[in-house]
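J.: task: produce atomic coordinates for the following.
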Amino acid sequence: MDSARPTITSRDRLGMTLFVALVAHGILILGLSFKAFSDRPRPAPPKLNVTLVQTSSAEAPKVADYLAQTNQKASGTTDKNGHPGKPFIALNPMPSQDAAPLDLQAANAPAQTTRDKSKTLTQRNSPYALPRHAPKPTPPNPNAPTNAHTIKLNLEQARLTAEIRKAVHDYNKMPRRLFLDTVNAKSSVEAAYLARWVHRVERIGNLNYPDAAIRRHLHGRLILNVLLDPNGRVVSTQIAKSSGSVILDQAAKRIVELASPFAPFPASVRKHYDQLMITRTWIFGPNNTLRTR
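T.: Okay, here's the model as predicted:
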């Protein structure tokens, strides 16, 4: 039994044609509308200009020209309104298209290791071997010291070191010596001791004036150094400058021996010195008198 086929009329065909035409026109119209909307410029969002200042003030200005992170009152010598300066300079002043600045490269390129162009092929078990270059002997230096010269220098250095050590040791063992003369007697204690010593020497010298000098009418002057220990005893006597007469030189030494021992050192002098050197000029006058200065 055959099923009945639907009958398509001209009215149905016209309706389908109108539907397809509407759909096509709608797609075309909507596509052009979307493209037109996308080409329109979008309105820019509102901007906020914030100025960063380097100084601040406790009082806010009555009328603010700019928006900043802290209060600041304007000052200066111009009447025109200005904009805060930029104390910092960018590392890359040229504008860039949203790209970070490139890293700085080193001024000197890294040195490249040079390789020898010649290559040597080796084999473990090979009947041939490369010749080994013997090291060149170092020529002798004519100015280089020999063993004997070095030993001699070492001995000389040891000898000088021993002498210096002995000299320092002897100097440290030397007694502390005070030198007194007419100019060098600074303190009152030293000057008083020297005055007593001179008075004793001149008194003993005039009492024991040399008879040979009287008989021969000898007179003159000499410089005598007398070294005393802390107890006032004479350690040594030395003629620093002779009078030209042996009789007068020996007479001065004898007078010192007759006048000794002298007074012991004062406590302040004994504390700092072990010996006392007295230097005086002895004058044997024409009238057979002795005085020192």
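J.: so who does Trp197 touch?
T.: Going by C-beta atoms under 8 Å, 6 or more residues apart in numbering, Trp197 touches Phe262, Ala263, Ile278. Quick note: C-beta positions are derived from backbone N, CA and C, even for glycine.
J.: what helix or strand is it on?
T.: Applying DSSP states H and E as the criterion places Trp197 in helix 188-207.
J.: would you mind identifying the next helix or strand past that helix?
T.: Following helix 188-207 in sequence, per DSSP H and E, is helix 211-216.
J.: hey, C-alpha coordinates of the helix or strand just after that next one in CSV?
T.: Counting by DSSP H and E, the next helix or strand C-terminal to helix 211-216 is strand 220-228. Output of strand 220-228 as CSV, limited to C-alpha atoms (Å, rounded to 0.1, in the frame of the first residue of the first chain):
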residue,chain,number,x,y,z
GLY,A,220,149.0,78.4,84.1
ARG,A,221,145.6,76.8,83.6
LEU,A,222,144.3,73.3,82.8
ILE,A,223,141.0,71.4,82.5
LEU,A,224,140.6,68.4,84.8
ASN,A,225,137.8,65.8,84.8
VAL,A,226,137.1,64.2,88.2
LEU,A,227,134.8,61.1,88.4
LEU,A,228,133.1,60.3,91.7
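J.: helices or strands up against whichever helix or strand comes after strand 220-228?
T.: Helices and strands here follow DSSP H and E; after strand 220-228, the next one along the chain is strand 234-241. Applying 3 or more C-beta pairs under 8 Å, 6 or more residues apart in numbering; DSSP states H and E, one finds that strand 234-241 makes contact with strand 220-228, helix 246-259.
J.: got the buried residues for strand 234-241?
T.: Val234, Thr237 (16 or more other C-beta atoms under 10 Å).
J.: direction included, what does it pair against?
T.: strand 220-228 (antiparallel) (DSSP bridges).
J.: hmm, Ala259 is touching Glu202, no?
T.: No. Taking contacts as C-beta atoms under 8 Å, Ala259 lies outside contact range of Glu202: 9.3 Å.
J.: hang on, the earlier thing: would you format the helices and strands packed on strand 234-241 as JSON lines with distance to Ala68 and mean pLDDT included?
T.: As requested, the helices and strands packed on strand 234-241 are exported to JSON lines (distance: least, C-beta to C-beta, whole Å; pLDDT from 0 to 100):
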{"stretch": "strand 220-228", "distance to Ala68": "93", "mean pLDDT": "96"}
{"stretch": "helix 246-259", "distance to Ala68": "101", "mean pLDDT": "96"}
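J.: highest mean neighbour count out of the ones you listed?
T.: Per residue and on average, the most neighbours among those fall to strand 220-228, with a mean of 20 (mean count of other C-beta atoms under 10 Å).
J.: quick check: longest helix of this protein.
T.: In the chain, taking DSSP state H as the definition, the longest helix is helix 10-39.
J.: report the helix or strand with the lowest average pLDDT across the protein.
T.: The weakest-scoring helix or strand in the chain, judged by mean pLDDT, DSSP states H and E, is strand 50-51 (a mean of 68).
J.: from Leu194, how far out is Ile187?
T.: Not quite, residue 187 is Ser, not Ile. Between Ser187 and Leu194 the computed distance is 10 Å (C-beta to C-beta, to the nearest Å).
J.: and those two? Which one has more around it.
T.: A direct count of neighbours by other C-beta atoms under 10 Å for Ser187 and Leu194 places Leu194 higher, at 18 against 11.
J.: in three-state terms, label Ile278 for me.
T.: strand (DSSP: H, G, I helix; E, B strand; the rest coil).
J.: my guess is it meets Val234, correct?
T.: No. In this structure, Ile278 is not within contact of Val234 by C-beta under 8 Å, at 10.1 Å.
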